[in-house]
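Colleague: Fold the following and give me the result.
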Amino acid sequence: MTVSIDSVDCVEPVISVRSNPERAAFVRRRLSMVAHQVHYDALSLVRNRTAQGFAFAMPVSFLVLFVAIFGNGTVHVDGQAISGSTYYVAALTVFGIVDVAFMALLIALVDVRETGVLRRRRATPQPAWTIVAGRALTTLLSGMIMAALLLAVGWLAYGASVPLRAVPALVASVALGVVVFSCLGFAVAGLVRSFDSAQPVAMAFALPLAFISGVFIPWAMIPHWLQQVSVVFPVRALAVGLLDPYLAGGPRSPWDPTAMAVLAGWGVLGAIVAVRLFRWAPQDL
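Modeller: Numbering: from 1, shown residues only. You can find the predicted model right below:
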């Protein structure tokens, strides 16, 4: 049987027309998988009361505790005076983001990897990237909710308000911070060999940087040489990005391009390391 050129020419347009709906259906299936993964991860968080306490209650309780201990006096930042409660609203938002997007994510990733959950999920028809994307989007959602809760408590309880023109900078800093520390969480998880060491490693990375970056101690009280060290790292960059919107009264800009660039640079580095070191199976397999 021969096929004429005319018949082939007639078939090609049909194939091309049919390929578009098929491609659209393929994209919808993949997005549906990501949505299912986000729903699964979010449901796991909702059912885990301990995780909720660390993610949402701990930063708020720290805010109340710090203001009660240190008072609501004046804190000087870059030659500008703000209330202590305002300073700690921004600073503890940094801690909340690091807690949710770095420490909690790192520990959870090592847990599901070392217990074989990731290996079993990897063997299913679901593409690997949808599992990673679902986990990342759930972390972003959790981080945004935590930051919104802390900012709302700061505003309602202590009057820590942000000028309207500074709100986009604040939202952008929160979103960028969650993404960057999620990348770093994925990266460091590749270095951790057992679940028992996951929490100590997470705290060893996060807590010293939090102390020297002005999260727990006002920036003016930190020795100058430690200030010079901390500006290289992402915790201080995020602290600047979240505090600048509160200092944006008058002509001061709520954006700090240098801090955002440092933060973005660490995010790119974290993403590269995460891709190279990410593992689906326990180390001994």
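Colleague: List of residues touching stretch 95-103?
Modeller: With contact meaning Cβ atoms under 8 Å, 6 or more residues apart in numbering, stretch 95-103 is reached by 54-55, 58-59, 62, 139-140, 142-143, 146-147, 150, 174, 177-182, 184-185, 188, 199, 202-203, 205-206, 210, 215-216, 235, 238. All C-beta atoms are positioned from the backbone trio N, CA, C, and that covers glycine.
Colleague: Buried ones from the residues you listed, can you make that a PyMOL selection?
Modeller: To isolate the buried members of the contacts of stretch 95-103 in PyMOL, using 16 or more other Cβ atoms under 10 Å:
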select buried, resi 54+55+58+59+62+139+140+142+143+146+147+150+174+177+178+179+180+181+182+184+185+188+202+205+206+210+215+235+238
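Colleague: Leaving aside the residues adjacent along the chain, what's closest to the residue nearest the centre of the chain?
Modeller: Centroid-nearest residue in the chain: V178, 2.0 Å away (criterion: Cα atoms, centre = their mean). Spatially, and ignoring its direct neighbours in sequence, V178 is nearest to G143 (3.5 Å; Cβ to Cβ, 6 or more residues apart in numbering).
Colleague: tell me the pLDDT at the one you found?
Modeller: G143 is assigned 82 on the pLDDT scale.
Colleague: distance of it from V179?
Modeller: The gap separating G143 from V179 is 9 Å, by Cβ to Cβ, to the nearest Å.
Colleague: likewise A81?
Modeller: From A81 to V179 the distance is 32 Å (Cβ to Cβ).
Colleague: What of F66?
Modeller: F66 is 27 Å from V179, by Cβ to Cβ.
Colleague: what residues are up against G214?
Modeller: A91, I222, S230, R236, A239.
Colleague: Secondary structure and distance to P21 added to the residues you listed, as JSON lines?
Modeller: Below are the contacts of G214 laid out as JSON lines (DSSP: H, G, I helix; E, B strand; the rest coil; distance: Cβ to Cβ, whole Å):
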{"residue": "A91", "secondary structure": "helix", "distance to P21": "52"}
{"residue": "I222", "secondary structure": "coil", "distance to P21": "60"}
{"residue": "S230", "secondary structure": "helix", "distance to P21": "54"}
{"residue": "R236", "secondary structure": "helix", "distance to P21": "50"}
{"residue": "A239", "secondary structure": "helix", "distance to P21": "49"}
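Colleague: between the residues you listed, which is nearest N72?
Modeller: A91 (14.0 Å; Cβ to Cβ).
Colleague: Report the contact partners of the closest one.
Modeller: Contact analysis of A91 by Cβ under 8 Å, 6+ apart lists G214, V215, F216, A239, L242, L243.
Colleague: Turn those residues into CSV, columns for distance to V112, secondary structure and pLDDT.
Modeller: Shown next, in CSV, are these (distance: Cβ to Cβ, whole Å; DSSP: H, G, I helix; E, B strand; the rest coil; pLDDT from 0 to 100):
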residue, distance to V112, secondary structure, pLDDT
G214, 34, coil, 89
V215, 28, coil, 90
F216, 30, coil, 89
A239, 30, helix, 93
L242, 30, helix, 91
L243, 35, helix, 90
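Colleague: so which of these would you say is closest to R135?
Modeller: L242 (23.9 Å).
Colleague: what about the helices in the stretch 151-285 of the chain?
Modeller: 167-189, 198-212, 224-230, 234-243, 257-277 (DSSP state H, counting those that start in this stretch).
Colleague: pLDDT of the longest one, averaged?
Modeller: On average, the pLDDT along helix 167-189 is 91.
Colleague: relative to helix 198-212, how tilted is it?
Modeller: If you take axes from the mean of the first three to the mean of the last three Cα atoms, to 10 degrees, helix 167-189 sits at 140 degrees to helix 198-212.
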